[in-house]
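[1] predicted model and sequence follow; I will ask about them next.
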Amino acid sequence: ATKAVLRLVLKDYARILASDPNEPPLYTQEELARCLEKCQTVGFHQVIEVEGIKITPYHAGHVLGAAMFLMEIAGVKILYTGDYSREDDRHLRGAEIPSIRPDVLIVEATFGLMVHESREQREKRFTESVEKIVRRGGNCLIPMGALGAVQELLLILEDHWNKNPDLKGIPIYHTSRIANEALTIYRSFINTMNEAMRSNKLSQPWTFENIGSLGEREEIVGPAVVLASPGYLQSGKSRKLFELWCSERRNGVILAGYSVEGTLAKELSREGAIREVESMNGTLLPVECEVKTITFAAHSDFIGTKSFVDQLKPKNIIFVHGEAEQMRKLRSKLQHEAQLANQETEFFSPDNCKTVTLRFQEQRIVKAYGGELVQRQMRTRGSRVAGFLVRKDLTDRLIATEDVRLYTQLKTAAVKQKLHIPFHPKFEHLESCVSKLFLPERTGQNELTIGGAVSLALKANVVCMMWEASPANDMVADALTAIIMQAESGIPAVRLGTCCSAHAHHAMPKKKVIVAPIADQERATAEEVDETEAKETGLEDGKTSKPETSGIEHGQGATAHGAAQPTLAAEAEGGDATPPAKESQTAPCVEQSFSEPGADVTTVLKESQTAELFMRLLVERHGQENIAISGDELRVLGSDGASVMVKFNVHGHVSSIEGSGEELEALELGTRRLAQLAAQTMHPII
């Protein structure tokens, strides 16, 4: 119905604009037709969403097809009434009241504090006034608009004429062509009207026996009732008939619509305020006819507005569509109402084109979509949830990775990473170095796979590393890159720092660890180097002969021939070792400081990437079942019964490692090397 009425009104307005040669039309009939093709209709109470803004239309009364709109923007609810009427009439239901409490109510204040008399009283007074005028032989002019109240008056007059057969000889006319076309629309949309109209659908309530249309040039003879537009008596047919009839006492004018300040209708509504009027041709005409105001304007009065506001209980009220003084009085009256005062409702009555600024706390609600894991995690309070957080149209959605394409228009793609690293030693040496931290699997000639995610292939002195990009895979790839590059350069992948504290259980003499460079491809394998290193470097009987190797200090906890580092050779403290020719760079040191309180392990693992990588390396080496976390302690169990306790500082670095068991030394050294690798990977030395 709304679209049909819209087409009718805009079409008539275009016709009026085209008739004025001094003003170019705002739009043409062709432009209007193209515009209406783009209009989409929705049903009352149907929720539609446009770019995240939810809109719900409700019945507004007023005229056929009129709607008020409830809008929700980022959780803020705004109800805009437009023109509305809370009162049921002969064909329309009154405005609905939504069940929600709006944050903002934008409401019309057309009648301010005015209170309408009851519908029955208005109809009785109206029909009596019309009948009185025509029975004395006069003409009754009812200036009205083309839509809305005029259809209500047609129903009232038709019913009264049917109840009084002696009036049937007196004609009733409506002069508006658009009002005549509107009757076709009203007949088509009886199902949107009130219960009384729907129950009388078969009786064709919009087919009138006593009412006809008046042509533009048709003369009116004898007593008659004429509903003519416009309602303000400024021009057109209603103004012509008023000037024709206003000088005779037997005639009458009934002002049944709303009158705007500055119009002839408004002046006439003030009883006795006007005695003569200037005609459109400039002559003065006496006003002798009877004038009465009986308002049928379909706008809410004070009682309707107050009832509407009391039931909605809005937090903010903005008055529009009213005269400034009427809005001020209405605002003042409602502000002193006890119910609204207790709710601390804010009132606004802005001038035209003035901005009203309201501030709200945005309510952000994240909804989980798809993925059983995401749904289960969302239901567990305090759990960490993994997925894509998608914000679209003011709505946040957490979507499982595999369901992104299903619930959004986003496209997912896997990023395949490939890295080429020069590497001249043999493949066996590459496998040996990688095996110290990971459990690689041979997948082909000179090919390895780590965890089924990262692959290594050695060909033509180049290691080609490939993996699918992800935070976990990227960390593994970073660790492998460090191992391969350091093995290629001759610097051990795990470099040991200086630790000065004594062991908690048994003291061991300090040792200086000399790191031998990795030989060319023609040199022996790592196992052969372990057996021949002492001779080649002169480390027999605790002495060195040539300072050709780079070295770093290492305190307590290293072995002379560590199982995890075949190129290590050691000299007992106090020997005649010659200082290294060139100082090598050292990685961050694992300090032993048992007096320092440890940080909570769970918190550190969440906040520190270094600690997280260290944990992943431990799980890769020893298995999840051999690692336990309790408060500020992380305990690692070895296969031979030994165990070490690891503590972290607040920065996520290992602050102490201590343990127990007969085979402690190998487990402790391996744990230190993993800690060093994690620190160096996350904080590389350049």
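    Thanks, I have it.
[2] packing partners of whichever strand or helix holds residue 127?
    Using DSSP states H and E, residue 127 sits in helix 119-135. Contacts defined by 3 or more C-beta pairs under 8 Å, 6 or more residues apart in numbering; DSSP states H and E place helix 119-135 against strand 140-143, helix 149-163, strand 252-255. Any C-beta I mention is one placed from the backbone N, CA and C, and that applies to glycine too.
[3] identify the residues contacting the residue nearest the centre of the chain.
    Note on the chain: the residue nearest the mean C-alpha position is residue 394, at 1.3 Å, using C-alpha atoms, centre = their mean. Contacts for residue 394 (C-beta atoms under 8 Å, 6 or more residues apart in numbering) come out as 52, 53, 73, 74.
[4] those residues: which two are farthest apart?
    53 and 74 (8.7 Å; C-beta to C-beta).
[5] closest to residue 610 out of the helices and strands packed on helix 119-135?
    Using C-beta to C-beta, the helices and strands packed on helix 119-135 put helix 149-163 closest to residue 610, at 77.8 Å.
[6] distance from whichever helix or strand comes after the closest one to the middle of the chain?
    Sequence order places strand 172-174 as the next helix or strand after helix 149-163, per DSSP H and E. Averaged C-alpha coordinates place strand 172-174 at 54 Å from its chain's average position (C-alpha atoms, centre = their mean, to the nearest Å).
[7] ok, now stretch 381-394?
    13 Å.
[8] how far does that stretch stretch from one end to the other?
    End-to-end distance of stretch 381-394: 25 Å, with C-alpha to C-alpha, to the nearest Å as the criterion.
[9] separation between residue 212 and residue 99?
    Here residue 212 is placed at a distance of 45 Å from residue 99 (C-beta to C-beta, to the nearest Å).
[10] scratch that, residue 136
    52 Å.
[11] more neighbours: those two, which one.
    Between residue 136 and residue 99, counted using other C-beta atoms under 10 Å, the more crowded position is residue 136 (13 against 7).
[12] check contacts around that one.
    223, 250.
[13] and residue 669, that's in a helix?
    Yes - counting by DSSP: H, G, I helix; E, B strand; the rest coil, residue 669 falls inside a helix.
[14] any stretches of this structure with poor pLDDT?
    201-202, 216-218, 338-342, 370-379, 490-597, 639-640, 661-666, 679-686 (pLDDT under 70).
[15] got the CA coordinates for stretch 58-77 in PDB?
    Only the C-alpha atoms of stretch 58-77 are listed here, as PDB (Å, rounded to 0.1, in the frame of the first residue of the first chain):
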ATOM      1  CA  TYR A  58       5.300  -0.800  12.400                       C
ATOM      2  CA  HIS A  59       1.800   0.400  11.700                       C
ATOM      3  CA  ALA A  60       1.500   4.200  12.400                       C
ATOM      4  CA  GLY A  61      -2.200   4.900  11.800                       C
ATOM      5  CA  HIS A  62      -2.400   8.300  10.100                       C
ATOM      6  CA  VAL A  63      -3.000   7.200   6.500                       C
ATOM      7  CA  LEU A  64      -3.100   4.000   4.500                       C
ATOM      8  CA  GLY A  65       0.500   2.600   4.300                       C
ATOM      9  CA  ALA A  66       1.900   4.900   6.900                       C
ATOM     10  CA  ALA A  67       4.700   3.300   9.000                       C
ATOM     11  CA  MET A  68       7.000   4.100  11.900                       C
ATOM     12  CA  PHE A  69      10.400   2.600  11.900                       C
ATOM     13  CA  LEU A  70      12.500   1.000  14.600                       C
ATOM     14  CA  MET A  71      16.200   1.100  13.800                       C
ATOM     15  CA  GLU A  72      19.000  -0.600  15.600                       C
ATOM     16  CA  ILE A  73      22.500   0.700  15.000                       C
ATOM     17  CA  ALA A  74      25.300  -1.100  16.900                       C
ATOM     18  CA  GLY A  75      22.900  -2.000  19.700                       C
ATOM     19  CA  VAL A  76      21.400   1.500  20.000                       C
ATOM     20  CA  LYS A  77      17.600   1.400  19.300                       C
END
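[16] list the buried residues in it.
    Buried residues in stretch 58-77, counted by 16 or more other C-beta atoms under 10 Å: 58-68, 70-73, 76-77.
[17] with stretch 117-126 instead?
    For stretch 117-126, by 16+ other C-beta under 10 Å, it's 122, 123, 126.
[18] for stretch 603-611, same thing?
    Quick answer for stretch 603-611 (16+ other C-beta under 10 Å): 604, 605, 608, 610, 611.
[19] also stretch 177-184?
    The neighbour-count check on stretch 177-184 (16+ other C-beta under 10 Å) flags 178, 179, 182, 183 as buried.
[20] for the residue nearest to the second one when sequence neighbours are not counted, give me its contacts.
    Closest residue in space to residue 179, ignoring its immediate chain neighbours: residue 146 at 4.5 Å, by C-beta to C-beta, 6 or more residues apart in numbering. Shown in contact with residue 146 (C-beta under 8 Å, 6+ apart): 9, 12, 176, 178, 179, 182, 229.
[21] the second one and residue 50, how far apart?
    Taking C-beta to C-beta as the measure, residue 12 and residue 50 are separated by 29 Å.
[22] give me the more crowded residue out of the two.
    residue 12 (17 against 9).
[23] which is the next helix or strand following the host helix or strand of that one?
    Using DSSP H and E, residue 12 maps to helix 2-18. Downstream of helix 2-18, the first helix or strand assigned by DSSP H and E is helix 29-37.
[24] show me where the stretch 401-550 of the chain has strands.
    416-422, 440-444, 447-450, 454-459, 462-468, 511-515 (DSSP state E, counting those that start in this stretch).
[25] give me the contacts around the shortest one.
    Contacts with strand 447-450, where a contact means C-beta under 8 Å, 6+ apart, come from 430-431, 434, 438-443, 455-458, 476, 480.
[26] again, only this time at 6 Å
    Contacts of strand 447-450 with the rest of the structure, by C-beta atoms under 6 Å, 6 or more residues apart in numbering, involve 438, 440, 441, 443, 455, 456, 457.
[27] quick one: buried residues of it?
    For strand 447-450, burial by neighbour count (16+ other C-beta under 10 Å) applies to 447, 448, 449, 450.
[28] what's the answer for stretch 416-429, then?
    Neighbour-count burial for stretch 416-429 [16+ other C-beta under 10 Å]: 421, 423, 425, 426, 427, 429.
[29] which of the residues you listed fall within helices?
    If you go by DSSP state H, the buried residues of stretch 416-429 have 427, 429 in helices.
[30] let me have the buried residues of stretch 416-429 in TSV, extended by distance to residue 166.
    Shown next, in TSV, are the buried residues of stretch 416-429 (distance: C-beta to C-beta, whole Å):
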residue	distance to residue 166
421	110
423	116
425	121
426	122
427	118
429	121
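[31] and the two most separated of the buried residues of stretch 416-429?
    Spatial extent of the buried residues of stretch 416-429 (C-beta to C-beta) is set by the pair 421 and 426 at 15.1 Å.
[32] report the beta-bridge partners for residue 286.
    residue 276 (DSSP bridges).
[33] would you agree it is in contact with residue 247?
    Yes - taking C-beta atoms under 6 Å as the definition, residue 286 is a contact partner of residue 247 at 5.3 Å.
[34] who's more crowded, those two?
    Counted by other C-beta under 10 Å, residue 286 and residue 247 do not tie: residue 247 has more neighbours, with 14 against 11.
[35] give me every residue that touches the more buried one.
    Residue 247 touches 285, 286, 288, counting by C-beta under 6 Å, 6+ apart.
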